[in-house]
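In: Quick check, what structure comes out for this input:
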Amino acid sequence: MENEKLILNLSIIIPCYNIENYIEQCLNSIIKQAVQPKEIICIDDGSTDNTANFIQEFTQKFSYVKYIYQTNQGVSQARNVGINQATGQYIQFVDPDDILHPNLFATFLNVLNISNTIELFYFENQDFEKLENLEFNNIDNSLIRFDTGNELFTHIIEDKKYPGACWRYIFKKKMLNLRFEGRNHEDHLITLDVLLSANLTYYSKSPLYYYRKRASSLTSNKKISSQYIELFSQIIEKCTKYIQKSNLLTITKTQYINFLRSDYLFNINIYYLYKEKPPIIEMYMHIYTRLFIKNNAKKLSNILYIIRFGIRNKIPLKHIMVFIRVSLNKDINFMTNKINGLLN
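Out: Got it, this is the predicted structure:
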């Protein structure tokens, strides 16, 4: 049956770890497409449940499903292994608990028929909790063409959508200049590099990828560590340096950086969701927002505001001096390190 389908020159890369309850649904959403990828590469990152058995059932039935095992090294290394093994001209990353729209690959084939020089196809996503409650939307066949990834990136940012996740697009493998690093926030810099390196791109505003919200995910479980936040602040610094070197408009760069910085504060709020947040953390977050998100650039105005704010909230002098120092030199890394150091 699989040989009767049209085959895309596309490698699907799925990092897997203890995902026995969802991997079958994920693979079925790929295999049951009318158009078939060249290969589906499943990297088992040292699972201790029945993940391997479920995948191997698919490898026995479908020759293009491949199973690779590695000792637990994290999702980044699992994706890197998949990249090294991929033989397709194009790559798509899929998380093992997510679902693809039944017509994703057919839509991508239509894009290729319009222009086979396309380097990246970007699409929207939608979250869901249970597969039985999931209703697939009709696809809007209208596509937006961008001659460069910069134009696509600007469009996404102007639409107030943050392009972070690496599963929101299909792209040419040759564009991949970087490799994944770390265990969290691992795809921010990869996505930034791939999008801004692209030439011809197409965008679909239809949700073609369905992201599962489940209890053990970070944003659902609402439990993150101070190390997680510190790592994210390091990623923000890397992404900020990268985008500042690009030829994007200044307003686009600022909007993107503000997305990241707002997300940093959001993660701090999650960190304190089930424990009392020290008032001094709230004060640091307030000044951080004023200086680095609202970007109030008037030094004298900031200093006067900080002094009044400090007196009104009875902030210890040593912290007021930190705020004044940061308002003068705009050293966000110094401010971030102070905040991270205060997390308990």
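
In: quick one: contacts for residue 106?
Out: 33-35 (C-beta atoms under 8 Å, 6 or more residues apart in numbering). Placement of C-beta: from N, CA and C, glycine included.

In: how many neighbours does residue 246 have?
Out: Residues lying near residue 246 (other C-beta atoms under 10 Å) number 16.

In: Pretty sure it sits against residue 196.
Out: Yes - the pair residue 246 / residue 196 is scored as a contact, 5.6 Å apart, by C-beta atoms under 8 Å.

In: what's the overlap in contacts for these two?
Out: Common neighbours of residue 246 and residue 196 (C-beta under 8 Å, 6+ apart) are residue 150.

In: Going by residue numbers, what spans are strands in the stretch 201-344 of the chain?
Out: Counting by DSSP state E, counting those that start in this stretch, the stretch 201-344 of the chain has strands at residues 201-212.

In: quick one: the helices in it?
Out: Assigned by DSSP state H, counting those that start in this stretch, the stretch 201-344 of the chain shows helices spanning 218-221, 226-244, 250-271, 279-292, 299-312, 317-329, 332-342.

In: show me what contacts the nearest residue to residue 53 once chain neighbours are set aside?
Out: Using C-beta to C-beta, 6 or more residues apart in numbering and skipping the chain neighbours, the partner closest in space to residue 53 is residue 20 (7.9 Å). Contact analysis of residue 20 by C-beta under 8 Å, 6+ apart lists 47, 49-51, 53-54.

In: rerun that using 10 Å as the cut-off
Out: Each residue near residue 20 by C-beta atoms under 10 Å, 6 or more residues apart in numbering is listed here: 47-55, 96.

In: likewise residue 30?
Out: Contacts of residue 30 by C-beta under 10 Å, 6+ apart are 12, 14, 36-37, 40, 58, 62, 64-65, 92, 94, 99-100, 104-105.

In: can you do 6 Å?
Out: By C-beta atoms under 6 Å, 6 or more residues apart in numbering, the contact list for residue 30 reads 40, 100.

In: cool, and the one 5 residues further on?
Out: Listed by C-beta under 6 Å, 6+ apart, the contact partners of residue 35 are 6, 8, 105-106, 109.

In: three-state assignment of residue 15?
Out: Three-state assignment for residue 15 (DSSP: H, G, I helix; E, B strand; the rest coil): strand.

In: For the stretch 1-150 of the chain, which segments are assigned as helices?
Out: 23-31, 51-61, 75-85, 104-114, 149-158.

In: Quick one: distance of the third one to the chain centre.
Out: On the basis of C-alpha atoms, centre = their mean, to the nearest Å, helix 75-85 is displaced by 16 Å from the centre of the chain it belongs to.

In: what's that helix in contact with?
Out: 13, 15, 41, 43, 45, 179-182, 186.

In: which stretches of the stretch 151-300 of the chain have low pLDDT?
Out: 185, 215-223 (pLDDT under 70).

In: just to revisit the earlier point, how about CSV for the contacts of residue 20, with pLDDT and neighbour count added?
Out: Output for the contacts of residue 20, formatted as CSV (pLDDT from 0 to 100; neighbours: other C-beta atoms under 10 Å):
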residue, pLDDT, neighbour count
47, 96, 20
48, 97, 10
49, 97, 13
50, 97, 13
51, 97, 24
52, 97, 18
53, 97, 11
54, 97, 21
55, 98, 28
96, 97, 28
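
In: Please consider this matter closed, and thank you.
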